[in-house]
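A.B. asks: need the 3D shape of this:
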Amino acid sequence: MLHGGMPRFPAFFTSILRERSLCIALLAAGLVLVGANLLHWRVWTCAFRETTGLPCPGCGMTRALSALCRGQFTASWALHPFAPGIALGGVLLLLATLLPAGPRQHLLAVVETIERRTGITMWFIVAMLVWGVWRMLTHEADWMPPVFFR
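C.D. replies: Next comes the predicted model:
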């Protein structure tokens with residue numbers, strides 16, 4: 001996908017950021033899951049893990065985000081190394097929801113430019129999936145520290 005000699009990647013995340021209602025829904029879901037986890041309430045069980053006994057590529061993300069909220073960066077990394085990227089995505093969702101029209105359009109333009117030039121969203125998703133498959137194939141049954149936010 002070359003455009004003027006430069007690779008052009010799809011702007012997946014920008015298309016989400018353009019839809020305020022979708023941003024609000026994703027933020028609400030994330031806040032419910034992370035908030036409940038911070039209160040030590042279990043509201044979500046991974047169907048894949050329950051069925052196979054193996055962690056899916058997203059397993060541990062809620063606890064990792066909760067650890068980030070508490071400033072426990074080492075614990076967060078141990079639970080899921082992609083949590084900081086997801087947290088950054090959450091901040092962008094929040095900004096796309098709350099900013100007035102002018103600054104919001106500027107934010108969308110900047111995010112779209114970065115996505116199209118670097119493919120960062122696509123590479124992030126691919127890296128997370130590869131890491132998740134590696135974790136499954138190596139049978140990392142004890143991939144999670146034993147006590148964090150269960």
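A.B. asks: and the strands in the protein?
C.D. replies: Assigned by DSSP state E, the chain shows strands spanning 2-3, 6-7.
A.B. asks: per-stretch mean pLDDT over these, give me the minimum one.
C.D. replies: Note on the strands of the chain: lowest mean pLDDT is at strand 2-3, with a mean of 52.
A.B. asks: centroid residue for this protein?
C.D. replies: residue 86 (2.7 Å; Cα atoms, centre = their mean).
A.B. asks: gap between that residue and residue 106?
C.D. replies: According to Cβ to Cβ, to the nearest Å, residue 86 and residue 106 sit 23 Å apart. Just so you know, the C-beta spots here come from the backbone N, C-alpha and C atoms, and that holds for glycine as well.
A.B. asks: returning to what we had before: quick check, pLDDT for the residue nearest to the centre of the chain.
C.D. replies: Confidence at residue 86, expressed as pLDDT, is 97.
A.B. asks: so it sits against residue 61, correct?
C.D. replies: Yes. Between residue 86 and residue 61 there is a contact at 6.3 Å, judged by Cβ atoms under 8 Å.
A.B. asks: so where's this structure shaky on pLDDT?
C.D. replies: Along the chain, segments meeting pLDDT under 70 span 1-7, 139-150.
A.B. asks: which stretches in this structure count as helices?
C.D. replies: Secondary structure of the chain by DSSP state H: the helices cover 12-17, 20-38, 47-52, 61-69, 73-79, 83-98, 101-118, 120-137.
A.B. asks: residue 36 against residue 43, yeah?
C.D. replies: Yes. If you go by Cβ under 8 Å, residue 36 and residue 43 touch, sitting 4.5 Å apart.
A.B. asks: show me the contacts for residue 62.
C.D. replies: Residues near residue 62 by Cβ atoms under 8 Å, 6 or more residues apart in numbering: 33, 34, 37, 44.
A.B. asks: deepest-packed of the helices of the chain, please.
C.D. replies: helix 61-69 (a mean of 23; mean count of other Cβ atoms under 10 Å).
A.B. asks: and the angle from that one to helix 20-38?
C.D. replies: Angle of helix 61-69 versus helix 20-38, following axes from the mean of the first three to the mean of the last three Cα atoms, to 10 degrees, is 80 degrees.
A.B. asks: just the CA coordinates of helix 61-69, formatted as PDB?
C.D. replies: Output of helix 61-69 as PDB, limited to C-alpha atoms (Å, rounded to 0.1, in the frame of the first residue of the first chain):
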ATOM      1  CA  MET A  61      -5.500  -7.400  31.000                       C
ATOM      2  CA  THR A  62      -8.100  -6.200  33.500                       C
ATOM      3  CA  ARG A  63      -5.800  -7.100  36.500                       C
ATOM      4  CA  ALA A  64      -2.900  -5.500  34.700                       C
ATOM      5  CA  LEU A  65      -4.900  -2.300  34.100                       C
ATOM      6  CA  SER A  66      -5.900  -2.300  37.800                       C
ATOM      7  CA  ALA A  67      -2.300  -2.700  38.800                       C
ATOM      8  CA  LEU A  68      -1.400   0.300  36.600                       C
ATOM      9  CA  CYS A  69      -4.200   2.400  38.300                       C
END
